[in-house]
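**Q** Quick one, structure for this:
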Amino acid sequence: MNLILGAFAQVLTVKMVLIMILGSFVGIVFGAIPGLTYSMGIILLLPLTFHLSPLMAVTLLLGVYIGGMTGGSVSSILLGIPGTPSAAATCLDGFPLAKRGMAGKALGTALISSIFAGLLSVATLMVVAPIVAKFALKFGPAEIFSLVFFGFSTICGISMGNVLKGLISGFIGLLFTTIGIDPVMGMSRYTFGIGQLISGVDLLAFMIGMFAIPQVIKILSVDESLLTRKISSKVSTQYPSLQELKRMFGLMVKCAFIGIGIGAIPGTGGPIAAFLGYDQAKRKAKDHEPALEGVAGPESANNGVTGGALIPMLTLGIPGDPATAILLGALLIHGLKPGPMLFTQHADFIYGMYAGLIIIHLIVLVMQGFGIQLFVKVLNFRKSYLYTTILVLCAIGAFAVNNNEFDIYVMVFAGILGYFLLKFGFPVAPTVLALVLGPPMEENFRRALILSQGNFWIFLQSPISWFFYLSTIFVLVGQVRRSFLSAKVRKLG
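**A** Residues are numbered from 1 along each chain as shown. Sure, this is the predicted structure:
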């Protein structure tokens, strides 16, 4: 109880509240504007956190994450264009409702469903995470290796439907992790005589390039008229009645837990949860007409993912989607190593983060509820100016990491690489995921071999290791099967 009260005392200061407001605002804007993503918002704000305390830094980025997931519904309902991939299912009923003059009611339903599911996911995170963390204390180097190996199976889940290309993209990321100082021998490797590479490829500069630059190039190469539909500034949020909320309550709870479960499984994420939530909503419908349930279901599911995705990231150090991969990188940059020891050595940080998540959801509720007319103006903003500004901020952010000009070149290289990967159908998220997971995988692999004096049997001695290896096989087989079925359906279509 003292930890909880102390946590709220930490976050309910003027500076912390302003930090959360800034993060939530940026998240809603980046979530609402088609082409931008909350992942890009997190990337752009990450350099601003270097001089902040770890709790302030992470709370700022979590504000972007929560705000972005919630804000994606704005353009989905008003424009029929999903602001984020997770909001794609919201378009199916949200936009038709808007065309029938129910835009305000659809926006209100989306907001209430999102906040309810988000808070429920935070409560689940608070209960489940310590249990998982206690279990993870039993892990040695061999078990951690098997866990990280399982983490690589999430590459299949974020491979945009093509497992082989996702694995190739992940392998490219692994190659970059070998650059710099060998973690065991202490010798430089693969630096090709470039002194700046002795410390390795900077994670933040690489992430900025991979996530932001390809999207900016892609958007700037598209006719701006295709991205803009003028919206009336008279739109306002109208909340559903108590009778409507009572009717939808069971659906919201069910879809929220679907989202929490999906989020806790690395490599799944918001889009899958949202469409499962939409499916649950339409099963309840008596006809196929657009309804508020068609908005409440997917929004509850995709916002349930936020708390669920933080469970494996905080307890096991396994990010389940691009956003949590960036958050994992942020924790590492601020000297916090995700895992079971985080809950024992930094309990004040963990509880402060829980309190911050609760406050952030309330801030997003107020901000999006009363500020919808402002976000409508943002949606009508000229895209060429917006994305050019983002490009400049990317360069500033990369330089600010180490005050090193070379990091800008790393960012540009990663951006060009990411652009061509996307151009030829290779997802960029696996590359960044491999860059995050590669070092602990190599370090624990070699540490386990040192402990066993070169005996590879150490990797198969533990039931925990077997569990993760079998889980990896299960995930890979499932993803490959899904890819074949998708290809077959496309061929028949």
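
**Q** going forward, measure contacts and count neighbours with C-alpha atoms only.
**A** OK.

**Q** give me the number of residues near residue 184?
**A** When counting by other Cα atoms under 10 Å, one arrives at 10 neighbours for residue 184.

**Q** same deal with the one 3 residues further on?
**A** The number of residues packed near residue 187 is 10, by other Cα under 10 Å.

**Q** need the contact list for it.
**A** The neighbours of residue 187, taking Cα atoms under 8 Å, 6 or more residues apart in numbering as the test, are residue 181.

**Q** any idea how far residue 295 is from residue 145?
**A** 41 Å (Cα to Cα, to the nearest Å).

**Q** So the two - more neighbours on which side?
**A** The neighbour count for residue 295 versus residue 145, taken as other Cα under 10 Å, is higher for residue 295 (33 against 24).

**Q** Surely the more buried one touches residue 94?
**A** Yes - using Cα atoms under 8 Å, residue 295 is in contact with residue 94, at 5.8 Å.

**Q** anything in contact with each of the two?
**A** residue 106.

**Q** Toward the C-terminus, what is the element adjacent to the longest helix anywhere in the chain?
**A** When the chain is parsed with DSSP state H, its longest helix is helix 103-136. Using DSSP states H and E, the helix or strand that follows helix 103-136 in sequence is helix 141-152.

**Q** Which residues does that following helix contact?
**A** 266, 316, 318-319, 433-434, 437, 440-442, 444-445, 447-448, 458-459, 462, 464-465, 468-469, 471-472.

**Q** quick check: mean pLDDT across that helix?
**A** For helix 141-152, the mean per-residue pLDDT is 81.

**Q** name the element residue 385 belongs to?
**A** helix 383-402.

**Q** For that helix, C-alpha coordinates in PDB please.
**A** Taking C-alpha atoms only, helix 383-402 is exported to PDB below (Å, rounded to 0.1, in the frame of the first residue of the first chain):
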ATOM      1  CA  LYS A 383       1.000  17.000 -45.200                       C
ATOM      2  CA  SER A 384       4.100  18.200 -47.100                       C
ATOM      3  CA  TYR A 385       4.900  20.700 -44.300                       C
ATOM      4  CA  LEU A 386       4.300  18.200 -41.600                       C
ATOM      5  CA  TYR A 387       6.500  15.400 -42.900                       C
ATOM      6  CA  THR A 388       9.300  17.800 -43.900                       C
ATOM      7  CA  THR A 389       9.400  19.000 -40.300                       C
ATOM      8  CA  ILE A 390       9.400  15.400 -39.100                       C
ATOM      9  CA  LEU A 391      12.400  14.700 -41.300                       C
ATOM     10  CA  VAL A 392      14.300  17.500 -39.700                       C
ATOM     11  CA  LEU A 393      13.400  16.300 -36.200                       C
ATOM     12  CA  CYS A 394      14.700  12.900 -37.100                       C
ATOM     13  CA  ALA A 395      18.200  14.300 -37.900                       C
ATOM     14  CA  ILE A 396      18.200  16.400 -34.700                       C
ATOM     15  CA  GLY A 397      17.100  13.400 -32.700                       C
ATOM     16  CA  ALA A 398      19.800  11.100 -34.100                       C
ATOM     17  CA  PHE A 399      22.500  13.800 -33.500                       C
ATOM     18  CA  ALA A 400      21.300  14.400 -29.900                       C
ATOM     19  CA  VAL A 401      22.000  10.800 -28.800                       C
ATOM     20  CA  ASN A 402      25.700  11.200 -28.500                       C
END
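
**Q** Against which helices or strands is the host helix or strand of residue 303 packed?
**A** Applying DSSP H and E as the criterion places residue 303 in helix 293-316. If contacts are counted by 3 or more Cα pairs under 8 Å, 6 or more residues apart in numbering; DSSP states H and E, helix 293-316 sits against helix 54-78, helix 88-97, helix 103-136, helix 242-264, helix 270-284, helix 322-333, helix 340-345.

**Q** how distant is the longest one from the center of its chain?
**A** Right, helix 103-136. 14 Å (Cα atoms, centre = their mean, to the nearest Å).

**Q** Please consider this matter closed, and thank you.
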